[in-house]
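# Sharing a sequence plus its predicted fold:
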Amino acid sequence: MNILIHPTYFPNVAHFVAMCQAETVTFEMADNFQKQTYRNRTYIYGANGKLLLNIPVVHTQKDRQKYVDVLTFNEENWQRNHWKSIESAYKTSPFFEFYEDELKPLFVEPVSSLLDFNLQCFQTVCNCLQLEIKTNQTTTFEKKTTQYTDLRHLVKAKGEKAPSFELYIQVFNDKHGFINNLSIIDLLCNEGPNALNYLESQKIVW
């Protein structure tokens with residue numbers, strides 16, 4: 001399967017299931033930025049349940065802005081806040097300390113381009129998973145494609161209908177039960193080296 005998919009902020013489980021089971025992954029690089037998508041948000045499992053981490057972006061006067069041109073709005077120090085939320089959510093998980101040194105630099109080193117940052121996040125997670133994914137990038141935008149299995153719809157955060165994935169133990173399971181399709185960070189911190197086996201074993205019809 002050759003898939004077309006968006007680079008997103010610490011992709012959720014659905015994105016990684018698709019990517020690790022594909023023969024090739026082509027990232028959509030030529031589209032317009034849209035609000036309320038996983039381009040600049042991800043969800044983790046906090047002490048009070050599902051927690052949104054949203055990257056603020058610099059808004060322009062243009063009606064449409066290319067994803068590749070979107071800059072992060074850093075006056076809010078969102079990197080520090082996101083890392084504190086991740087640390088608080090997963091410090092008691094089985095594998096947080098195992099991956100902490102690889103994840104933390106993403107929240108310390110300066111960020112400007114949202115798209116470049118998302119690609120960094122993707123590569124960091126692949127390193128953690130010891131996963132090699134062959135990727136390509138689009139140069140022009142096509143609304144419809146016959147060249148790929150089009151999974152660009154997975155970028156939508158509002159009203160999404162995610163596949164139901166197999167349960168795994170999450171830090172706050174006893175408080176709120178299993179929360180489906182969170183950021184790959186959740187799976188990584190809870191399942192560690194077994195995360196890749198989990199991703200490869202999910203049976204999904206796209």
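Yes, it's here.
# show me what contacts the residue of the chain positioned farthest from its centre?
Taking CA atoms, centre = their mean, the residue of the chain most remote from its mean C-alpha position is residue 61, at 27.6 Å. Residue 61 makes no contacts at all, as judged by CB atoms under 8 Å, 6 or more residues apart in numbering. (C-beta placed from N, C-alpha, C; glycine too.)
# Show the model's pLDDT score for it.
The predicted local distance difference test score for residue 61 is 70.
# do you know how far it is from residue 137?
28 Å (CB to CB, to the nearest Å).
# chain center to stretch 38-58: distance?
Once both centres are worked out by CA atoms, centre = their mean, to the nearest Å, stretch 38-58 turns out to sit 10 Å from its chain's centre.
# since we're on the closest residue to residue 121 other than its chain neighbours, how many residues are nearby?
Counting by CB to CB, 6 or more residues apart in numbering, residue 121 lies nearest to residue 10, which is 5.1 Å off, once chain neighbours are set aside. Taking other CB atoms under 10 Å as the criterion, the count of residues near residue 10 is 27.
# Can you tell me the SS state at residue 10?
Three-state call for residue 10 (DSSP: H, G, I helix; E, B strand; the rest coil): coil.
# in the lengthiest helix in the chain, what's buried?
Under DSSP state H, the helix in the chain containing the largest number of residues is helix 114-129. Counting neighbours by 16 or more other CB atoms under 10 Å, one finds that the buried residues in helix 114-129 are 114-115, 117-122, 124-126, 128-129.
# cool, and stretch 50-67?
Residues of stretch 50-67 classed as buried by neighbour count (16+ other CB under 10 Å): 51, 53, 55, 57, 65, 67.
# Stretch 87-97 now?
Judged by neighbour count (16+ other CB under 10 Å), stretch 87-97 contains these buried residues: 89-90, 93, 95-96.
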